[in-house]
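Asks: Here is the input, now give the coordinates:
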Amino acid sequence: MKATEKLQAKFSEGKHICVGLDTDVNKIPEFMRGSSDAVFEFNKAIIEATVDEAASYKINLAFYESEGIAGLELMEKTIDLIPEEIAVIGDAKRGDIGNTSRMYAQSLFDHFKFDCSTLHGYMGKDSLEPFFEYEDKLHFVLCLTSNPGAADFEKMKLENGNYVYQEVLSRVKEWNTRNNLGIVFGATNDAELRENVANFEDLIVLLPGIGAQKGNLDEVVNSFKEYNNNNYLINMSRGIIYAGSGEDFALKARDVLTSYNSKIKYLTIS
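Replies: Down below sits the predicted model:
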């Protein structure tokens, strides 16, 4: 299955939450930390408890690369736990020129077998094209991010009247000739989301920022429902995986995820 097919199948079931496995050994339940394979055991428990409710999983490579070879091996083992029919996002925010970009793409897709990438377009289309050539994968290009620093460049106004992030959105739609591109749009940007969602067309949108970053789930879902747009994926990491600190931590994570799924399903446009 193509990455877009995997996600569309979940969207059709009313599932829009991507579980972020950005696992920090210092934040997992204390009783687990003495194990030599604590993070893997934690990830395994979270995946097993949430697999039937998650729309996808996202792995931020920094949390694994920071541990060197052992961390990369842990990441591989974690990816292997996730069923084939569920899309796994390799969150590395790549974007470089020529053969460097091609090597990054080969790493994510040929070696680690991710379904999706996150990319930054600062260096232009040629820096992203090696990723785009993986037609069965899905590539989320940073458009408007969830952090305060988004104001430094992404919200700068251009001479044509557009903001930089709006120009990125326009370019991504132009580049989407293979129907395998999406965008990252921070859920903390309520006003910008409402103003631009009509222009997303059929792009799949990855929305970080709900939960620990104080993004508003109701606002995000309402913005998409207003335009009958079902192509959105809300990433949540800390708010789900660290929902509990006791031996029932995985069940607590499942409870939070199930609650969000139910809320999305029954939320009416305000």
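
Asks: Every contact and neighbour count from this point should use C-alpha atoms.
Replies: OK.

Asks: can you tell me which helix or strand Ser117 belongs to?
Replies: Following DSSP states H and E, the helix or strand that holds Ser117 is strand 116-119.

Asks: which helices and strands sit right next to that strand?
Replies: strand 87-94, strand 138-144 (3 or more C-alpha pairs under 8 Å, 6 or more residues apart in numbering; DSSP states H and E).

Asks: quick one, the shortest one and strand 87-94 angle?
Replies: Orientation of strand 138-144 against strand 87-94 (axes from the mean of the first three to the mean of the last three C-alpha atoms, to 10 degrees) gives an angle of 50 degrees.

Asks: Residues in contact with the strand holding Ser117: which ones?
Replies: The contact list for strand 116-119 (C-alpha atoms under 8 Å, 6 or more residues apart in numbering) reads 3, 87-95, 108, 128, 137-142, 184.

Asks: who touches Thr4 in this structure?
Replies: Asp136, Lys137, Leu138, Asn180.

Asks: Redo those as TSV? Include pLDDT.
Replies: Converted to TSV, those look like this (pLDDT from 0 to 100):
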residue	pLDDT
Asp136	98
Lys137	98
Leu138	98
Asn180	98
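
Asks: Compare those and tell me which is most surrounded.
Replies: Most neighbours among those, by other C-alpha atoms under 10 Å: Leu138, with 28 neighbours.

Asks: Specify the beta-bridge partners of that one.
Replies: Cys116 (DSSP bridges).

Asks: does it really touch Met1, like I thought?
Replies: No - if you go by C-alpha atoms under 8 Å, Leu138 and Met1 don't touch, sitting 11.7 Å apart.

Asks: tell me which element Arg254 falls in.
Replies: Arg254 belongs to helix 249-266, assigned by DSSP H and E.

Asks: who's in contact with the residue lying closest to Lys265 once chain neighbours are set aside?
Replies: Nearest non-adjacent residue to Lys265, counting by C-alpha to C-alpha, 6 or more residues apart in numbering: Gly14, 6.1 Å away. Gly14 sits next to Asn261, Ile264, Lys265 when contact means C-alpha under 8 Å, 6+ apart.

Asks: nearest spatial neighbour of the second one, skipping sequence neighbours?
Replies: By that I understand Ile264. Nearest to Ile264 is Val221, by C-alpha to C-alpha, 6+ apart, at 6.8 Å.
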